[in-house]
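Asker: with the sequence up front, the predicted model follows.
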Amino acid sequence: AHVSSFLAAPSRALFAAALNSRDVDSSSAIAGDDWEYLDFGHIEKDLAAKLIDDDIRDVLLSIDAINNLRSLWLTNCINISGVGLEPLRGS
């Protein structure tokens, strides 16, 4: 089990990104590896509304989204222009 298993999936991903871990093994230990779906509607609406493209990019990188993520919902992420989705290019 990973160290943040008690958090909702988006919170685990944000936690891993906040620790600025670029090491895939460390990121998996923090965030886990079950990333088929990621819905930001599972975190507080106020927090989702504050996220910007850099935050989304960091989350996608920390969970190796291009290889793991199948569906992404940016529920309540009103400050996203799309630039932060670059890590998904080619997926």
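Answerer: Now that the structure is in, tell me what you want to look at. Numbers count the residues shown, from 1 in each chain.
Asker: tell me which element the most centrally placed residue in the chain falls in.
Answerer: In the chain, the C-alpha nearest the mean C-alpha coordinate belongs to Val59, at 3.3 Å (C-alpha atoms, centre = their mean). Taking DSSP states H and E as the definition, Val59 sits inside helix 53-62.
Asker: next: Leu38.
Answerer: Using DSSP H and E, Leu38 sits within strand 37-39.
Asker: from the chain's centre, how far out does that strand sit?
Answerer: Relative to its chain's centre, strand 37-39 lies at 8 Å (C-alpha atoms, centre = their mean, to the nearest Å).
Asker: buried stuff in it?
Answerer: Across strand 37-39, burial judged by 16 or more other C-beta atoms under 10 Å covers Leu38. C-beta coordinates here come from the backbone N, C-alpha and C atoms, glycine included.
Asker: what packs against that strand?
Answerer: Secondary-structure packing of strand 37-39 (3 or more C-beta pairs under 8 Å, 6 or more residues apart in numbering; DSSP states H and E): helix 9-18, strand 71-73.
Asker: who's in contact with whatever helix or strand comes next after it?
Answerer: Following strand 37-39 in sequence order, the next helix or strand is helix 45-50 (DSSP H and E). For helix 45-50, the surrounding residues in contact (C-beta atoms under 8 Å, 6 or more residues apart in numbering) are Pro10, Phe40, Gly41, Thr75, Asn76, Cys77, Ile78, Asn79.
Asker: before we move on, what about stretch 84-91?
Answerer: Ile52, Asp53, Asp54, Asp55, Ile56, Arg57, Leu60, Leu61, Ala65, Ile66, Leu69, Leu72.
Asker: ok, now which ones touch the residue lying closest to Asp58 once chain neighbours are set aside?
Answerer: Once flanking residues are discounted, Asp58 sits nearest to Ala17: 3.8 Å by C-beta to C-beta, 6 or more residues apart in numbering. Ala17 makes contact with Asp55, Asp58, Val59, Leu61, Ser62, according to C-beta under 8 Å, 6+ apart.
Asker: can you count the residues close to the fourth one?
Answerer: Number of residues near Leu61 (other C-beta atoms under 10 Å) recorded here: 20.
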